[in-house]
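# Structure of the sequence below:
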Amino acid sequence: MDSLQNNLLIAMPSLKDTFFERSLIYICEHDEKGAMGIMINRPSGIVVDELLQQMELAEEPQPVTSLGKEVLVGGPVNPERGFVLHTNQDCWSNSDSITDSLMLTTSQDVLSCLGSDKAPDKFLIALGYAGWSRGQLEQELADNTWLSVPATPALLFDIEHQQRWQQAAESLGFDIWQLSNLAGHA
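Next comes the predicted model:
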């Protein structure tokens with residue numbers, strides 16, 4: 001199977017009453033060892049400004065007023081660990097490039113500059129991540145648990161959190177509610 005890195009996983013409606021119900025997950029890494037992603041549509045209730053003040057990172061706290069600047073629930077694995085997905089800048093040595101335009105970090109250096117002119121143009125902060133062991137994500141895709149679409153900057157950063165799952169599903173060109181969760185095999 002081809003890597004799904006830089007794609008979005010859309011939870012099928014059949015994932016009702018689970019942690020991943022109506023979730024949209026950005027795949028940061030997918031290789032022969034497994035996959036890692038961040039849920040991008042579930043706010044945690046923590047505002048970025050509050051997080052920065054609690055961590056005492058902002059020298060002069062400046063409100064971050066961009067759309068959706070609430071810390072997200074990134075997934076059930078390591079929920080105490082923070083991740084910053086941000087637009088590319090050459091100055092971040094502790095950020096790993098996912099694409100030419102996106103980077104991911106767990107380092108506090110990006111957090112300390114938020115609200116300043118050094119901050120990345122766009123970013124999201126998530127606590128925890130979603131992880132799959134070798135072959136697990138491929139099996140879940142075969143079982144019709146997820147659909148995938150290429151990630152877009154708009155879905156990652158510009159659309160309100162509660163609209164992201166629906167917008168991603170609509171980008172497929174059909175009504176996701178009309179799909180069956182049953183897999184057919186010829």
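# CA only for contacts and neighbour counts going forward, please
OK.
# in the chain, which ranges drop under the pLDDT threshold?
Low-confidence segments of the chain (pLDDT under 70): 1, 56-68, 179-186.
# Strands along that one, start to end?
All strands of the chain, identified by DSSP state E, fall at 7-11, 24-31, 34-39, 43-47, 70-73, 77-87, 96-97, 102-105, 123-133, 146-150.
# Name all residues that make contact with the residue nearest to residue 26 when sequence neighbours are not counted.
In this structure, residue 26 finds its nearest non-sequential neighbour in residue 8, 4.6 Å apart by Cα to Cα, 6 or more residues apart in numbering. Applying Cα atoms under 8 Å, 6 or more residues apart in numbering, we find residue 8 in contact with 24-27, 148-151.
# let's see it at 10 Å
Residues in contact with residue 8, defined by Cα atoms under 10 Å, 6 or more residues apart in numbering, are 23-28, 37-40, 146-152, 155-156, 165, 168.
# right, and the strands of the chain - which one's nearest residue 177?
Closest approach to residue 177 among the strands of the chain (Cα to Cα): strand 7-11, 11.3 Å.
# Could you list the paired strands of the closest one along with their orientation?
If you go by DSSP bridges, strand 7-11 pairs up with strand 24-31 (antiparallel), strand 146-150 (antiparallel).
# can those go into JSON lines with extra columns for mean neighbour count and distance to residue 45?
Output for those, formatted as JSON lines (neighbours: other Cα atoms under 10 Å; distance: least, Cα to Cα, whole Å):
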{"stretch": "strand 24-31", "mean neighbour count": "24", "distance to residue 45": "18"}
{"stretch": "strand 146-150", "mean neighbour count": "18", "distance to residue 45": "26"}
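# quick check: angle from the longest helix along the chain to strand 146-150?
Taking DSSP state H as the criterion, the chain has its longest helix at helix 161-170. For helix 161-170 against strand 146-150, the angle by axes from the mean of the first three to the mean of the last three Cα atoms, to 10 degrees is 90 degrees.
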